[in-house]
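# what would the 3D arrangement of this be:
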Amino acid sequence: MLQEGDKAPDFELPTDTGTTFKLSRQKGHPVVLYFYPKDDTPGCTTESKDFSCLADQFKAAGADIVGISPDPVASKAKFRQKHDLTVQLAADAEKSVVAAYGVWAEKSMYGKKYMGVERSTFLVDKAGKIVKIWHKVKVPGHAEAVLAAVKSL
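Presented below is the predicted three-dimensional model:
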C-alpha cells in the first residue's frame, strides 16, 4: 500500500484526446491523480465536473489533473463531450495503474462483493513524491480540498 512520502509509481496511459499521459513527464510541477470507478455515473460525473470547474485554479497553482478509470478511451471521449469536462481522462483498461496505486479493491453493494476502483486521489509533488492521499473519497467538497492542498505546496 502506497503511503504519503513514497515515490509515485510511474505509468503511461492513453487519454480521451488521443495523447498519452506519462507521469514522469510531469516532473517540475504537481499532479493530481483522481481515480474513479466508472465514466458517466452520478458520483463520478459530479467529481469530474467539480475538478473541471476548478481546472483554471489548479492550472494557476501549477498543477495538472488527470482522472483515471478502467473504462476504454472511447467511453472517456463520450463522457468528456456529454458533460463538457476540461480535465484529462486516462484509460487504464489493463487495470495496471489502479493496481499499482492500491485502489483496485473488493467492494460491496447490496451484500454482493465485487472488484472495482475505490474512489481515491493522490497529490504528487514536482519531484514525483506522493504528498497527500485521499482514500474512500466523498465527492462533495473534495475538489476544493485537493485545490487547497495544491496551493499549500
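# all contacts plus neighbour counts: C-alpha atoms, from now on.
Will do.
# can you show me the helices along this structure?
For the chain, the helices defined by DSSP state H occupy 42-53, 55-60, 73-83, 96-100, 142-151.
# chain center to the last one: distance?
This points to helix 142-151. Relative to its chain's centre, helix 142-151 lies at 13 Å (C-alpha atoms, centre = their mean, to the nearest Å).
# list the buried residues of that helix.
Neighbour-count burial for helix 142-151 flags His142, Ala143, Val146, Leu147, Val150 (criterion: 16 or more other C-alpha atoms under 10 Å).
# for this protein, identify the residue most remote from the centre.
For the chain, the largest distance from the centre (C-alpha atoms, centre = their mean) belongs to Gly111, which lies 27.2 Å off.
# need the per-residue pLDDT for that residue.
At Gly111, the pLDDT value in this model is 90.
# can you tell me how far it is from Pro37?
Per C-alpha to C-alpha, to the nearest Å, Gly111 is found 18 Å from Pro37.
# how about Gly102: what's its closest non-neighbour residue?
Leaving aside its chain neighbours, Gly102 sits nearest to Met1 (5.8 Å; criterion: C-alpha to C-alpha, 6 or more residues apart in numbering).
# surely the one you found meets Val103?
No: using C-alpha atoms under 8 Å, Met1 is not in contact with Val103, being 9.1 Å away.
# more neighbours: these two, which one.
In this view Met1 and Val103 are compared by other C-alpha atoms under 10 Å, and Val103 has more residues nearby, 23 against 8.
# next, count neighbours for Lys112.
The local packing of Lys112 (other C-alpha under 10 Å) involves 7 other residues.
# repeat that for the one 5 residues further on.
Residues within reach of Val117, counting by other C-alpha under 10 Å, total 22.
# could I get the buried residue list for the lowest-mean-pLDDT helix or strand in the chain?
Lowest by mean pLDDT, DSSP states H and E among the helices and strands of the chain is strand 104-109, with a mean of 90. Residues of strand 104-109 classed as buried: Trp104 (neighbour count, 16+ other C-alpha under 10 Å).
# from the contact counts, what lies against that strand?
strand 112-117 (3 or more C-alpha pairs under 8 Å, 6 or more residues apart in numbering; DSSP states H and E).
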